[in-house]
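A.B. asks: Let's see this in three dimensions:
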Amino acid sequence: MAEDFWQRAAAPLSKLLARNKLKPSDVDAVELLGGGSRVPKLQAVLSEALGGRHLDRHLDADEAVVLGAGLFAANLSSSFRLRKFGMTDVAVFGVSFESNDLFVPAAPPIDPATATSKKAWKGKATKAAEDAEADGATASGKSGHVVKSLLPAGKKLPIKRAIKYSNLTIDGFSFDLHYNTSTVHGLPPGVEDPQLASFQVSGIQDAIKRYNSSGVTTLRFEADYSSLLHFSIAECVVEVSIVEDKVIEVQVPVSKVNETGVTAMGDANSSKSAAPAADAAKEAAAEHMKDGATDGAEQKDKNDAAEMVGSGTVPPAAGNDTTGSSVNKTVTVKKTIQVPRRKTFHVGLAVSGAGPRHPPLAGDVFAAARSHIAAWRAAEVVKAATAKAKNDLEAYIISTREKLETDENLRQVTVELDRVKLIEQLTEAEDWLYGDGEHEAAEAFRTKLAGLKATGDPMVTRANELELRPQVLSAVKEQFEAAEKIVTGWAGTKPWITEHEAMGMTDKIKEFKKWLQQQIDAQAEKSATEDPAFSSVDVASKWEAVQKALTKMDSKRIPRPAPAAKSAAAPKGEEGEPANSNGDKTESLEDAEADSGPGGGQAKQGSAGGQQQQQKPAGGPNGSQADSSLPGVEEQGLPVHEEL
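C.D. replies: Numbering: from 1, shown residues only. Here you go, the predicted model:
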């Protein structure tokens, strides 16, 4: 049944080998890509077309093409940083240029007698053929059929191509682009008409009127990486010869100039002596023209090329001795010469016609396409919403019926009449879903689902609470008993938590216990088939608030001690120092640091009268002086602290 399909599947492979003049043994590797390559029969047919060789499958058949396209696009983009890698693509199908308004004359014959060798004769013939192909048809009043290969098959991409015609005199011409069906490549799969585009070019007479010639009429095309051919520009390139004046300076020998150095026009008596200088200037200008310094200007007559400009002044050369004549003396002469130049002008031609057979979207067509895509997206959103609503209804019907048949908790919290009624509703909704409601909108399915949930959800909720309620109550009871122990232990373990704060936390726990007991008592008065007095979620959320307050209080840190403030009215001990509660003298950190410095045993300023007093060693625990026999105490002036 599918034999013709397998033959068509292997045909491109055979055509590829024949086109490249290869045998199956010349192929190094054959990689299978695409999901269809997993079909065993297809693999067998391809292997048979290759002479029974093994087919390679090193890449993911589904992802290889997409991955390669993504990497290639990133390689071309300037927005991605990707290490460049080489990739060469070629035009698979050739494109030809065809016109019925022009013709290409045969290339002029090459006389073998004019060629020095056989190789040179072949070279001239080849060059003549290439020139004829590049330049195209010459001017003629006739018309003819012209076919040129614009984009040969196998040409590397991207590429720019141009077709040129010299000295056309017609005002315009038309041409077509089409697939080259004369090669083994033929037409692309699915393409029946080989024509690609049709254009009309006009405006050549405008170039002829402006420059008296049409020059080279050029049609430029570009083929991108996708092998898409674009007609970029049509123009006449005209080269025109013009003549420009140019002023040059020439060093002229003045061997015959008057020794007095007067100018040729400055003194009537010196005209004879200036004449030789003018002749010398003419000769130098002629030599300048002969050497090619006039930038390609044609050599004129010596006398005409060396005419003096302006006043004709012939000043003596700077630094030369004007008292005598010498052959090394020169003068600078300015003169004007005419220099021919060639300027190139580009004249754009008008392009009209049908254009590409499948033109890119633009204008109203593009706007219509965007509207169509927007409508398609909106339809897809509606379709997805409808499918979801339908699936939700179907899933609820199946799951609820299964619970009614197998869940024992659901049986305990419902009566037989309610279960039968719900089963009837589920059956009716299922029949509607697969019958009259199959093509309904999403809102109809949502309405049907809401009606079923109004009856079934309370039953399911009671069944779930019947199982969860004892578990939640047991867990919460253990947690608030542990919390009470924590609060009770704060007095011994965390004395910085005040009694008022501990009592506040205890009141919160008692308040929760009271509320929970009220809910338990209310639930005890209800039957299992009635709605519960409280839910497990209510208990968990309310206890969570108490638990957060407990955690915050239990994490309270030890407060830092306040810094000791000095007071002038504090009781004084020995030597004017403040006394502690036991009447013993103490010493602040600042005083100890001051005493330990140089001269610590010297007198210091008193706080009351400002008199200097000699510091004495601090007393011992009984108020007696410290043993002065301790080594280095008095000598070093070190303070002796009380032993606490």
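A.B. asks: pLDDT wise, what is the closest residue to Ala502 other than its chain neighbours at?
C.D. replies: Sequence neighbours aside, Trp490 is the residue nearest to Ala502 in space, at 5.3 Å (criterion: C-beta to C-beta, 6 or more residues apart in numbering). The way it works is simple: take the backbone N, C-alpha and C, and place the C-beta from them, glycine included. We have a pLDDT of 92 for Trp490.
A.B. asks: Please pull up the helix or strand immediately following the helix or strand where Trp490 lies.
C.D. replies: Using DSSP states H and E, Trp490 sits in helix 442-493. Next helix or strand after helix 442-493 toward the C-terminus (DSSP H and E): helix 499-524.
A.B. asks: correct me, but Asp554 touches Ile486?
C.D. replies: Yes: if you go by C-beta atoms under 8 Å, Asp554 and Ile486 touch, sitting 6.3 Å apart.
A.B. asks: Mean confidence (pLDDT) on the helix or strand Asp392 falls within, please.
C.D. replies: If you go by DSSP H and E, Asp392 is part of helix 363-406. Throughout helix 363-406, pLDDT has a mean value of 93.
A.B. asks: Stretch 193-209 now?
C.D. replies: Stretch 193-209 comes out at a mean pLDDT of 92.
A.B. asks: how far does it stretch from start to finish?
C.D. replies: In stretch 193-209, first residue to last residue: 40 Å (C-alpha to C-alpha, to the nearest Å).
A.B. asks: same check, this time on stretch 209-228
C.D. replies: Stretch 209-228: ends 36 Å apart by C-alpha to C-alpha.
A.B. asks: What ranges does this protein have for its strands?
C.D. replies: 89-90, 95-99, 146-151, 156-157, 159-166, 172-179, 195-202, 216-223, 229-253, 330-348, 350-356, 604-605, 612-613 (DSSP state E).
A.B. asks: Save these as CSV, and put in mean neighbour count and distance to Val472 too.
C.D. replies: CSV is the format used below for those (neighbours: other C-beta atoms under 10 Å; distance: least, C-beta to C-beta, whole Å):
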stretch, mean neighbour count, distance to Val472
strand 89-90, 12, 68
strand 95-99, 21, 78
strand 146-151, 18, 78
strand 156-157, 13, 71
strand 159-166, 17, 77
strand 172-179, 20, 77
strand 195-202, 17, 76
strand 216-223, 20, 74
strand 229-253, 15, 73
strand 330-348, 15, 86
strand 350-356, 14, 73
strand 604-605, 12, 73
strand 612-613, 11, 76
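A.B. asks: so can I have JSON lines of those showing distance to Arg81?
C.D. replies: Formatted as JSON lines, the strands of the chain follow (distance: least, C-beta to C-beta, whole Å):
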{"stretch": "strand 89-90", "distance to Arg81": "23"}
{"stretch": "strand 95-99", "distance to Arg81": "36"}
{"stretch": "strand 146-151", "distance to Arg81": "33"}
{"stretch": "strand 156-157", "distance to Arg81": "24"}
{"stretch": "strand 159-166", "distance to Arg81": "28"}
{"stretch": "strand 172-179", "distance to Arg81": "38"}
{"stretch": "strand 195-202", "distance to Arg81": "37"}
{"stretch": "strand 216-223", "distance to Arg81": "27"}
{"stretch": "strand 229-253", "distance to Arg81": "29"}
{"stretch": "strand 330-348", "distance to Arg81": "39"}
{"stretch": "strand 350-356", "distance to Arg81": "36"}
{"stretch": "strand 604-605", "distance to Arg81": "74"}
{"stretch": "strand 612-613", "distance to Arg81": "80"}
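A.B. asks: Nearest to His58, out of these?
C.D. replies: strand 89-90 (21.3 Å; C-beta to C-beta).
A.B. asks: helices and strands around the closest one, which ones?
C.D. replies: Identification of packing neighbours for strand 89-90 by 3 or more C-beta pairs under 8 Å, 6 or more residues apart in numbering; DSSP states H and E yields strand 156-157.
A.B. asks: quick one: strands adjacent to the strand it packs on?
C.D. replies: strand 89-90 (antiparallel) (DSSP bridges).
A.B. asks: Not counting the strand it pairs with itself, show me its contacts.
C.D. replies: 153-157, 225, 227 (C-beta atoms under 8 Å, 6 or more residues apart in numbering).
A.B. asks: Please repeat the previous calculation with a cut-off of 10 Å.
C.D. replies: 72, 152-159, 224-227 (C-beta atoms under 10 Å, 6 or more residues apart in numbering).
A.B. asks: In this model Val472 seems to touch Ala540, though I could be wrong.
C.D. replies: Yes: counting by C-beta atoms under 10 Å, Val472 is a contact partner of Ala540 at 6.1 Å.
A.B. asks: Looking at these two, which has the bigger crowd around it?
C.D. replies: Val472 (18 against 13; other C-beta atoms under 10 Å).
A.B. asks: Show me the shaky parts of the chain.
C.D. replies: 103-144, 254-328, 565-644 (pLDDT under 70).
A.B. asks: The same query, at a cut-off of 80, please.
C.D. replies: 1-3, 19, 80, 82, 84-87, 102-144, 183-186, 252-329, 359-360, 564-644 (pLDDT under 80).
A.B. asks: rewinding a little: ok, the contacts of strand 89-90 vs Tyr179, which is closest?
C.D. replies: Checking the contacts of strand 89-90 against Tyr179 by C-beta to C-beta gives Ala153 as the nearest, at 9.6 Å.
A.B. asks: returning to what we had before: give me the helices and strands touching the helix holding Trp490, please.
C.D. replies: Packing partners of helix 442-493 (3 or more C-beta pairs under 10 Å, 6 or more residues apart in numbering; DSSP states H and E): helix 363-406, helix 408-412, helix 416-434, helix 499-524, helix 536-554.
A.B. asks: Let's have these in JSON lines, adding distance to Ala463.
C.D. replies: Listed next are the helices and strands packed on helix 442-493 as JSON lines, based on distance: least, C-beta to C-beta, whole Å:
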{"stretch": "helix 363-406", "distance to Ala463": "8"}
{"stretch": "helix 408-412", "distance to Ala463": "4"}
{"stretch": "helix 416-434", "distance to Ala463": "11"}
{"stretch": "helix 499-524", "distance to Ala463": "15"}
{"stretch": "helix 536-554", "distance to Ala463": "13"}
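A.B. asks: between these, which one is nearest to Ser78?
C.D. replies: Taking the helices and strands packed on helix 442-493 one by one with C-beta to C-beta, helix 363-406 is closest: 25.8 Å.
A.B. asks: helices or strands up against that closest one?
C.D. replies: helix 408-412, helix 416-434, helix 442-493.
A.B. asks: quick check: angle from that helix to helix 442-493?
C.D. replies: 60 degrees (axes from the mean of the first three to the mean of the last three C-alpha atoms, to 10 degrees).
A.B. asks: how far off helix 416-434 does helix 363-406 point, in degrees?
C.D. replies: Calculated by the same axes, to 10 degrees, helix 363-406 forms an angle of 150 degrees with helix 416-434.
A.B. asks: Next one: the spatially closest residue to Pro152 that is not a sequence neighbour from Val191, what distance?
C.D. replies: Setting aside the residues directly before and after it, Pro152 is nearest to Gly94 in space (C-beta to C-beta, 6+ apart), at 5.3 Å. Separation of Gly94 from Val191 (C-beta to C-beta, to the nearest Å): 13 Å.
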